[in-house]
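J.: fold the following.
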Amino acid sequence: MKAVFTALGLLLSVTACARDQDPASAGYFSGMGNLMDGTYDRRIEQREAEARSSEQIARDMQARAAAASADARATGADVAAVEARNRRQREELRRLEASLRQAEQNRNARAADLDAARARLADARRRQERIDRAPAAPDRSAEQAALDEELRALDALIRQSTRPE
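T.: Numbering: from 1, shown residues only. Have a look, this model is predicted:
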């Protein structure tokens, strides 16, 4: 019996010594000590917590990627709308230029009105070119709105100047 207690005491003292906590490299006594004091269970819990954390990070990254993709689609739609508006404005400018040429051919056109229309049309053309060259910016919409208003006023001026007196 004394031998059993001695062996048991020896086993306990060996397991209480410094141990290797890695199951791949731990020897028999380190492994027994790690099993008995819960080291391996803590390692498993730690690894599972790390796996859960990694999975959460992956889900967060997927959510961010989806949000970024949605933002990119929305921005693309905004850019397409601005470009469509620019095309309409350029078409309106071409139409107005044709109207101006017609007004210039009309004998009843008033020279002062036509000069003013010509200057305003040139200014509108420069503004449109500046909008075309500028990168998409939040204030671009305000410039386009002002240009739309100028085009309407210019259209009215040209129409008025081409009416018979």
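
J.: ok, then the element right after whichever strand or helix holds E129?
T.: Using DSSP states H and E, the element containing E129 is helix 111-133. Under the assignment DSSP H and E, the closest C-terminal helix or strand after helix 111-133 is helix 140-162.

J.: give me the angle between that following helix and helix 111-133.
T.: For helix 140-162 and helix 111-133, the angle between their directions (axes from the mean of the first three to the mean of the last three C-alpha atoms, to 10 degrees) works out to 160 degrees.

J.: list the buried residues for helix 140-162?
T.: Under the neighbour-count criterion of 16 or more other C-beta atoms under 10 Å, helix 140-162 has 144, 147, 150-151, 154-155, 157-158, 161-162 buried. Bear in mind the C-beta positions are built from the backbone N, C-alpha and C, glycine included.

J.: contacts for the helix holding E129 next, please.
T.: Under the contact criterion C-beta atoms under 8 Å, 6 or more residues apart in numbering, helix 111-133 has outside partners 86, 89-90, 93, 96-97, 100, 103-104, 140, 143-144, 146-147, 150-151, 153-154, 157-158, 160-161.

J.: likewise for stretch 134-145?
T.: By C-beta under 8 Å, 6+ apart, stretch 134-145 touches 78-79, 82, 85-86, 89, 127, 130-131.

J.: got a ChimeraX select line for the buried ones in those residues?
T.: Per 16+ other C-beta under 10 Å, the buried members of the contacts of stretch 134-145 correspond to this ChimeraX selection:
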select :82,85,86,89,127,131
